[in-house]
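> model the structure of this input:
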Amino acid sequence: MVKNQLSIDEFVKHIEFSRKLYDIARIVDPIKNQVLDYSGGHILASNTICYDFWQRGVVCENCISRRALQEKKPFMKIEYNGEKIYMVQAIPLALMEQEVVLELLKDISEERLLFDIVDESRNDIYKLLEERNAFIIKDALTDVYNLRYIKERLPYEIINSHIQDQYISLMILDIDHFRNINKVHGPEYGNHVLKTLAQKVQGKVKEKGWMARYTDDAFILCIEDIDPQGTKEKAQEIRKMIENHPFTYKETTKEITISIGVYTALKPDINADEFIEEAYSLLLQGKKEGGNRVVAKE
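Predicted coordinates:
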């Protein structure tokens, strides 16, 4: 849990002690992806991007610092930067009336035996660690992201839309009459529908966003840098694609329809929960109007 506010002097003592035990100790703002400096009794933003250390050029999918900040407790993971394997710990702190995260990194490259990766190539190590981290942020059935990922990633996307001065859109997609489909045709068929739908829809958005399972039969799609009209057209394209695809499993073939609520904003002045509520209210409107439709708003 985040405890009492730390003064800058207390923080300096903490981080200096941490550097005796760890190879790297740094303070980060995981929402803005910035490494923070401290000088003259103040916390200052630096030009260093926190994820640059991992040499991948993209935001970490399994960002434990965002998770630590959100859930107000420490988290740990294993990561690889192409040269060394690190144990990473993220500890939330309340510092000078600002919520930040202390990241502690320890080089455990010589302990590869613990992770069954002795003599593996660089690409093999990346793949192994990514697979293990994916268990945390991926939905086991559909292989798209899960609810945890939505909660961790969406606040960053909202901040990034302000930084980049670009549109951000949230779609909530729901399968019409899914409960009845499950009841009549059985859960195996229902699971087939979910997996097939996720695979097809994800292919439509992966270049400009991401997809996550929100509830049993609903998915969230976050789309970056497309204007309201373009996003609405994309949603209609997805709706028609599903409507025209026969879902066949064993002896059962059925046509499925979906409803989509779409909320698009330029630099939205709302938090992640409010953003979801906006899109969800539009989804409910589409459901009340009979389903198999897109309802959009900006």
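> and for residue 158, the neighbour number?
By other CB atoms under 10 Å, 22 other residues sit near residue 158. For every residue, glycine as well, the C-beta is placed using N, CA and C.
> so who does the spatially closest residue to it that is not a sequence neighbour touch?
Spatial nearest neighbour of residue 158, chain neighbours left out: residue 268 (5.9 Å); criterion: CB to CB, 6 or more residues apart in numbering. Residues counted as contacts of residue 268 (CB atoms under 8 Å, 6 or more residues apart in numbering) are 158, 161, 168, 275.
> helix/strand/coil for the second one?
If I follow you right, that is residue 161. Following DSSP: H, G, I helix; E, B strand; the rest coil, residue 161 is assigned to helix.
> equivalent analysis for the last one, please.
Assigned by three-state DSSP, the conformation of residue 275 is helix.
> surely it and residue 158 touch.
Yes - here residue 275 reaches residue 158: they are 6.6 Å apart, a contact under CB atoms under 8 Å.
> now the helices for the stretch 151-298 of the chain?
Using DSSP state H, counting those that start in this stretch, the helices of the stretch 151-298 of the chain run over 178-185, 187-205, 228-243, 272-288.
> returning to that earlier point: report the two of the contacts of residue 268 separated the most.
The largest separation in these, counting by CB to CB, is between 161 and 275 at 10.3 Å.
> overlap of the contact sets of those two?
265, 268.
> comparing those two, which residue is more hemmed in?
residue 275 (22 against 19).
> which one is that one nearest to, not counting chain neighbours?
According to CB to CB, 6+ apart, the nearest residue to residue 275 is residue 170 (5.5 Å).
> go on, residue 287?
Among residues not flanking residue 287 along the chain, residue 259 sits closest, at 5.4 Å (CB to CB, 6+ apart).
> my guess is the one you found meets residue 296, correct?
No - Residue 259 lies out of contact with residue 296 (CB under 8 Å); the separation is 11.8 Å.
> the more surrounded of those two?
The residue with more neighbours, out of residue 259 and residue 296, is residue 259; 25 against 21, by other CB under 10 Å.
> check what pLDDT the more buried one gets.
Listed pLDDT for residue 259 reads 98.
> check residue 298 too.
Reported pLDDT for residue 298: 82.
> could you do residue 233 as well?
At residue 233, pLDDT is 96.
> so how far is residue 213 from residue 195?
11 Å (CB to CB, to the nearest Å).
> which stretches in the stretch 1-150 of the chain count as strands?
Using DSSP state E, counting those that start in this stretch, the strands of the stretch 1-150 of the chain run over 24-29, 34-39, 42-49, 75-80, 85-95, 98-107.
> burial of residue 135, as a residue count?
By other CB under 10 Å, the residues close to residue 135 number 10.
> against residue 30, how distant is residue 152?
For residue 152, the distance to residue 30 equals 9 Å [CB to CB].
> ok, now residue 276?
Distance from residue 276 to residue 30, by CB to CB: 20 Å.
> can you check residue 176 too?
For residue 176, the distance to residue 30 - CB to CB - is 37 Å.
> neighbour count winner among those two?
The neighbour comparison of residue 176 against residue 30 (other CB under 10 Å) goes to residue 30, with 27 against 19.
> from what I see, that one and residue 59 are in contact.
No - applying CB under 8 Å, one finds residue 30 not in contact with residue 59, separated by 9.6 Å.
> circling back to that earlier point, any chance of the helices of the stretch 151-298 of the chain in CSV, plus distance to residue 53?
What follows is the helices of the stretch 151-298 of the chain, written out as CSV (distance: least, CB to CB, whole Å):
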stretch, distance to residue 53
helix 178-185, 43
helix 187-205, 28
helix 228-243, 33
helix 272-288, 26
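> any idea which of these gets closest to residue 82?
Of all the helices of the stretch 151-298 of the chain, helix 187-205 sits nearest to residue 82, with 27.4 Å by CB to CB.
> against residue 284, how distant is residue 110?
Residue 110 is 55 Å from residue 284, by CB to CB.
> same thing with residue 133?
34 Å.
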